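Using only what follows, build the 3D model:
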Amino acid sequence: MIDAAHRNRPYERDRHCAKLGPMSAPANRQGTTTRTRLLKTAERLFAAQGVDAVSVRAVNAAAGLGAASVNYHFGTKTDLLTAVLLDLGAPVRDRIRANVDALAARTSKPTPAELVHAVTDPYRELLHNHRTRGMRWIKIVSQLSVQAHPALEASEEDLRGYLLAQVRRTFPTTDPARLEHRWAVALTTFLQALAHADGPATAKPLTVAELTDLLDDQVTFLRGGLSALLGN
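Have a look, this model is predicted:
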């Protein structure tokens, strides 16, 4: 604390703050390291065991940290989960939003293929840049996508509704309720297929090239399915 006397003597205040600076820097670095350790541990456990099956206590223990670590650095389990989603997911979300912005700025309506690629291309980039962690993130998102989980909704920042507006432009004559449901099913199917790409835990993981081939197949399936179901 800086008392009134220090506030009245700028020189003394500056000396006081200068003493605090070097001491706080290592603490900040240690806090960042601990937070990253918890994030990556939670990511691994959530992907392997399922979000519902992993407790805060399990994350702390697996990270080799004290029982109050998650609570101190994040708050609740939902807060931790949101942070895990944003760690890799924020760039994916922002890339999808940029793609949708480009579609929204055009006078012509998007084609089904353009809609699909606006969503799926950022996933391709994620898996190309982060093969192992990217697959973990997709596995977590695929679990939450069928639950309307608050952590997923918080990390998306209303991206779902923003994207749906462009889907409606593409299929203007389709019943809105049917359109929303079919679009949600299509995206969930895409995520589930990717999440199970590696197969059983004992199976050899797919290479990046093999995973890209699988993603391409799913994109083709998604494009054809949307056109067949919703008509365009």
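
Spell out for me which residue occupies the centre of this protein.
Centroid-nearest residue in the chain, with CA atoms, centre = their mean: residue 89, separated by 2.8 Å.

gap between it and residue 224?
27 Å (CB to CB, to the nearest Å). Every C-beta, even on glycine, is put in place using the N, C-alpha and C of the backbone.

re earlier: before we move on, what SS does the residue nearest to the centre of the chain have?
Here residue 89 is helix, with the state taken from DSSP: H, G, I helix; E, B strand; the rest coil.

Run a quick neighbour tally on the nearest residue to it once chain neighbours are set aside.
Leaving aside its chain neighbours, residue 89 sits nearest to residue 155 (5.7 Å; criterion: CB to CB, 6 or more residues apart in numbering). Residues lying near residue 155 (other CB atoms under 10 Å) number 22.

please begin residue numbering at 32 from this point
In the new numbering, first residue 32, that becomes residue 186.

residues contacting residue 186?
Residue 186 sits next to 113, 116-117, 120-121, 124 when contact means CB atoms under 8 Å, 6 or more residues apart in numbering.

just the helices in the chain please.
Taking DSSP state H to define them, one finds helices in the chain at 35-39, 41-80, 87-93, 100-104, 108-135, 143-160, 162-176, 181-187, 190-201, 207-226, 239-261.

Now do the buried residues in the last one.
The reference is to helix 239-261. Buried positions in helix 239-261, judged by neighbour count with 16 or more other CB atoms under 10 Å: 242, 245-246, 249-250, 253-254, 256-258, 261.

In those residues, which has the lowest confidence score?
Lowest in pLDDT among these is residue 261, which has 74.

how far away is the residue nearest to residue 224 when sequence neighbours are not counted from residue 70?
Leaving aside its sequence neighbours, residue 224 sits nearest to residue 249 (CB to CB, 6+ apart; 5.1 Å). Using CB to CB, residue 249 is found at 28 Å from residue 70.

contacting residues around stretch 141-155?
Outside of stretch 141-155, the residues within contact range by CB under 8 Å, 6+ apart are 122-123, 126-127, 130-131, 133-134, 169, 194, 197-198, 200-201, 218, 221, 225, 243, 246, 249-250, 253-254, 257-258, 261, 263.

rerun at 7 Å
Applying CB atoms under 7 Å, 6 or more residues apart in numbering, the external contacts of stretch 141-155 come out as 123, 126-127, 130-131, 134, 197-198, 200-201, 218, 221, 225, 243, 246, 250, 253-254, 257-258, 263.

likewise stretch 115-126?
Contacts of stretch 115-126 from elsewhere in the structure, counted by CB under 7 Å, 6+ apart, are 70, 73-74, 77, 153-154, 156-157, 161, 164-165, 168, 171, 182-183, 186-188, 190.

Could you give me the PyMOL syntax to select whichever of those residues are buried?
To isolate the buried ones among these in PyMOL, judged by 16+ other CB under 10 Å, type:
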select buried, resi 70+73+74+77+153+154+157+164+165+168+171+182+183+186+187+190
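
count of residues packed around the closest residue to residue 97 other than its chain neighbours?
Once flanking residues are discounted, residue 97 sits nearest to residue 91: 6.6 Å by CB to CB, 6+ apart. When neighbours are counted by other CB under 10 Å, residue 91 registers 19.

Cool, thanks, talk later.
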